[in-house]
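>>> predicted model, plus sequence, below.
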Amino acid sequence: MTSNIDIAFQQDSAGFYDLAIDSTTGDLAGTEGLNTAILLSAFCERRADEADIAQPEHRRGWVGNLVGPHADDGFEYGSHLWLLEQARLTQETANRARDALRKAFQWLVDDGLVHHIGMDVEKTHETIRARATFVSPENVIETSLFDLVRKTIS
């Protein structure tokens, strides 16, 4: 989709992401495409709105939003998925997760990196799973699958 090289992330068996290391050089591994932008958009914490959390000190937010080219214009990378950490596995939670992802990914459309994003969110007995499909202006398709909210109590 893009010729830029980003730092690659890899997912471990527990579902957590970390920086990928190139096993031959020991350096950070690189990746092309939108994978890094998608992961940061979905899983970095966008600061909560006052309507969601009254106390400003509890609204969290990703520190990367405080620096860089968008620090002064109000734009924030990340999503509000973190607000669902203690939510029950309901259809309403699935709908909120879908809305949070759509908002988090909108900048990819606004900046012309993709021209369409398809989103399917499914609630199962154990998780809320999202499948996002990104179509570039060149009609290259990338698909990402995420388990968003997991059942923690049996």
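Looks like it arrived, so ask away. Numbers count the residues shown, from 1 in each chain.

>>> against residue 58, how distant is residue 113?
In this view, residue 113 and residue 58 are 32 Å apart by Cβ to Cβ, to the nearest Å. To be clear about C-beta, it is placed using only N, CA and C from the backbone, and glycine gets the same treatment.

>>> check residue 135 too.
37 Å.

>>> so which of these two has more stuff around it?
Taking neighbours as other Cβ atoms under 10 Å, residue 135 and residue 58 compare with residue 135 leading, 15 against 9.

>>> mind listing what the more buried one touches?
Going by Cβ atoms under 8 Å, 6 or more residues apart in numbering, residue 135 touches 114, 115, 116, 117, 118, 141.

>>> separate out the buried members of those.
Burial of the contacts of residue 135 was assessed by neighbour count (16 or more other Cβ atoms under 10 Å); the buried members are 114, 117.

>>> among the contacts of residue 135, which lie within strands?
When strands are assigned by DSSP state E, the members of the contacts of residue 135 inside them are 116, 117, 118, 141.

>>> how about those, which pair is most distant?
Using Cβ to Cβ, the ones in strands among the contacts of residue 135 reach their maximum pairwise distance at 117 and 141, which is 10.8 Å.

>>> return the distance of the lowest-mean-pLDDT helix or strand in the chain from the chain's centre.
The least trusted helix or strand in the chain, going by mean pLDDT, DSSP states H and E, turns out to be strand 5-7, with a mean of 81. In terms of Cα atoms, centre = their mean, to the nearest Å, the centre of strand 5-7 is set 16 Å apart from its chain centre.

>>> what lies in contact with that strand?
Looking at strand 5-7 with Cβ under 8 Å, 6+ apart, the contacting residues turn out to be 19, 20, 28, 29, 30, 31, 32, 35, 36, 37.
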